[in-house]
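Undergrad: pasting the sequence and the predicted coordinates here, then a few questions.
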Amino acid sequence: MTEKLKANVQAIKDIVRMNPVWEQEKGEQEASELHYYHIVDALNRKWQTIGVDVSDAIQVFERGHNDAWTRIIEPAPWNPNLTTNDLIHLLKISPEAVQIRHAMQIILNTVERRNAFIRCIINVNEQAIWSLLCQMKDEYLRYEQLSNETFMAMYAMNPVEALSVYFLESVDVHMYWEWCDAGGTGKQAIQYKQEDPFMTLIQAIERVEEEMYART
């Protein structure tokens, strides 16, 4: 099974054979007996899966979660020191997955969010990671937006960082200049995000330009 076809590419820290899945009948060969296996992955989650031996159990685990045989039986413990770089390493995010790496830096910008990501992710592969990041971004934009006061304070200190955190997207100095040249302000950003929590900065820039042209 190639890594691209694995539903779960999560690294394994430990694997232990447990009890047989079914009671063995007399005369059956023990070598072919199906056992439960407990696996601890790199995120420190404990899984239960099955297999006739360690190699077989790992292959079953790599096919991903299912309620019958392969499931998480103990979630990862809270990690108060978890950094984004730690998470990228633990999830084996490839250097080529630049979009995922950038999204994790921006969206998972607190230790609470990084631990929440570990609690929510099940199968670990780039498609599942990206899907969960998008889902969490939508939830944060809708329900956990920065307060107006916090955003304005950040905007006064570092407007590029403030816009990045507020819109949960990558913002560089050139995009900030574009925002300023269009006439954008911190108060306008707040107004637009209150009207549409999912508005992007590019859409906000276009909105500022439209309003400016309408006044001329």
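TA: Good, I have the coordinates.
Undergrad: show residues contacting the longest strand that the chain contains.
TA: As assigned by DSSP state E, the longest strand anywhere in the chain is strand 12-20. Identification of contacts with strand 12-20 by C-beta atoms under 8 Å, 6 or more residues apart in numbering yields 33-42, 44, 48, 54, 57-58, 61. Any C-beta I mention is one placed from the backbone N, CA and C, and that applies to glycine too.
Undergrad: could you list the low-confidence segments of the protein?
TA: Applying pLDDT under 70 to the chain flags residues 1-5, 24-31, 216.
Undergrad: can you pull the contacts of the most centrally placed residue in the chain?
TA: Centroid check for the chain by C-alpha atoms, centre = their mean gives Leu133 as the closest residue, at 4.2 Å. Leu133 is in contact with Ile100, Ala103, Met104, Ile107, Leu108, Phe117, counting by C-beta under 8 Å, 6+ apart.
Undergrad: same thing with Pro75?
TA: Taking C-beta under 8 Å, 6+ apart, one finds Arg45, Arg119 in contact with Pro75.
Undergrad: how close does it get to Asn148?
TA: Taking C-beta to C-beta, to the nearest Å as the measure, Pro75 falls 35 Å from Asn148.
Undergrad: can you check Pro80 too?
TA: With distances taken as C-beta to C-beta, Pro80 is found 29 Å from Asn148.
Undergrad: now do Met136
TA: 22 Å.
Undergrad: tell me, how many residues neighbour the closest residue to Ala97 other than its chain neighbours?
TA: Nearest non-adjacent residue to Ala97, counting by C-beta to C-beta, 6 or more residues apart in numbering: Glu126, 5.8 Å away. Number of residues near Glu126 (other C-beta atoms under 10 Å) recorded here: 17.
Undergrad: also the one 4 residues further on?
TA: Trp130 is surrounded by 15 other residues when neighbours are defined as other C-beta under 10 Å.
Undergrad: what residues does it make contact with?
TA: Trp130 sits in contact with Gln99, Ile100, Ala103, where contact means C-beta under 8 Å, 6+ apart.
Undergrad: skipping its backbone neighbours, what lies nearest the first one in space?
TA: Okay, so that is Gln99. Nearest residue to Gln99, sequence neighbours excluded (C-beta to C-beta, 6+ apart): Trp130, at 7.6 Å.
Undergrad: which positions within the longest helix along the chain qualify as buried?
TA: When the chain is parsed with DSSP state H, its longest helix is helix 126-143. Going by neighbour count (16 or more other C-beta atoms under 10 Å), the buried part of helix 126-143 is Glu126, Ala128, Ile129, Leu132, Leu133, Met136, Lys137, Tyr140, Leu141.
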